[in-house]
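Peer 1: task: produce atomic coordinates for the following.
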Amino acid sequence: MKESFERVRLLERAQRNTGFVPRTFIGTALMSSALFLICQIFSGLSALAKNSSDASSQSVDQLQVNKSLSYLKSGNWPKAAEATENAVAGATDVKSCLGVLSQMEQYGSQANKARRACLSKALNLATTNEELEEVAFAARRAGCVDLSKEALDSLIGSTTAISKLTELAFKANQEAMPDVAHLAMEKAYKLVNNQPDALDFIHQTRNLGLEDLSRQALKDLIDDQASVTDMMTLLPVIDECKMPDLVRYLLKIAVDKAKDTDEMLAVYDAAKKYDQADIVKLAQYRGRKMVLLKKVKTEESSKAEEDAKKDPANALKSPTGF
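Peer 2: Numbering: from 1, shown residues only. I've put the predicted structure just below:
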């Protein structure tokens, strides 16, 4: 690059002396200098990236990793575990530990002690939710259930967003870990405090195949409804979930909660639709009783009004017992 700038200086000097400099030559010189400078910048960036990568890999003792792999290959499992512990002892990040772990996959369950050394160190280094999630899933795949549970307890305990817990549940489901998905959604349900979130929770748990949680959420929703009208709006949701026992549960509560003939008629129609013959008969009986009582009250009220018209003074008399 020094030579290129020297050529430019010579050209400037020639211009001062003669008043003429070939433009093509100047352009070529400047372009050469610029290209050289760009190459130097990219070389510097490449070197920086390489140094960063080397620094990361130096956190693991590669010599000990090679020893561990050699012991695994020969079937010396105790020595392999010891070498692995030494290899990750100085590790500074989760990625390095899991990188060593990935090199042991081909040796199967017999390498579990060596794998455990990697996972224990990774768990100690994990600080973010993403890292805890990585360790939890890696530990489960490696058969280290206790380490997986410890990572999950920390992860689920520190997560307070329903969306994050749902996302974790779906990831666990993809990894064929239904118990982890169940655990995450159990925590998510504790955070549900309104009907829209409850309905979304039911939808998500059904997609995950967690029917027991869907059923519990639906039952709680039924119990929370303030009126028969509100309860009737839940019936299509329960029907979609294919839970006829909860349909019956709702109708049995609704027939007791109905306060007037309109509500009782709604229960009667719903019970008839869902083939609940005994509830149909009960709603019919209570509905007729309500109609009769209403008729009696209306007649009594009409009679009192007529009597008052016939004898206004009698209407002002106090009732017996006053």
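Peer 1: now for the host helix or strand of Gln64, which elements pack on it?
Peer 2: Element membership of Gln64 [criterion: DSSP states H and E] is helix 62-74. If you count contacts as 3 or more CB pairs under 8 Å, 6 or more residues apart in numbering; DSSP states H and E, helix 62-74 packs onto helix 77-88. Heads up, the C-betas are built off the backbone N, CA and C, glycines and all.
Peer 1: I'd like the next helix or strand past the helix it packs on.
Peer 2: helix 94-102.
Peer 1: who's in contact with that following helix?
Peer 2: Contact with helix 94-102 is made by 56-57, 59-60, 65, 68, 84, 87-88, 91, 115, 118-119, 121-122, 125-126, 131, 134-135, 138, 142, as judged by CB atoms under 8 Å, 6 or more residues apart in numbering.
Peer 1: ditto for stretch 131-145
Peer 2: Residues contacting stretch 131-145 (CB under 8 Å, 6+ apart): 94, 98, 101, 109, 112, 115-116, 119, 122-123, 125-126, 147-148, 151-152, 154-155, 158, 168, 171-172, 175, 177, 180.
Peer 1: run through the helices of the stretch 1-150 of the chain in chain order.
Peer 2: 2-18, 23-58, 62-74, 77-88, 94-102, 112-125, 129-141, 145-158 (DSSP state H, counting those that start in this stretch).
Peer 1: how many neighbours does Asn193 have?
Peer 2: 8 (other CB atoms under 10 Å).
Peer 1: same check on Phe201?
Peer 2: There are 24 residues near Phe201, going by other CB under 10 Å.
Peer 1: can you tell me how far it sits from Val237?
Peer 2: 12 Å (CB to CB, to the nearest Å).
Peer 1: tell me the pLDDT of Ile38.
Peer 2: If you check Ile38, the pLDDT there is 50.
Peer 1: also Gly321?
Peer 2: pLDDT at Gly321 comes out at 40.
Peer 1: swap in Leu72?
Peer 2: 91.
Peer 1: need the contact list for it.
Peer 2: Contacts of Leu72 (CB under 8 Å, 6+ apart): 80, 104, 107, 110-111, 114.
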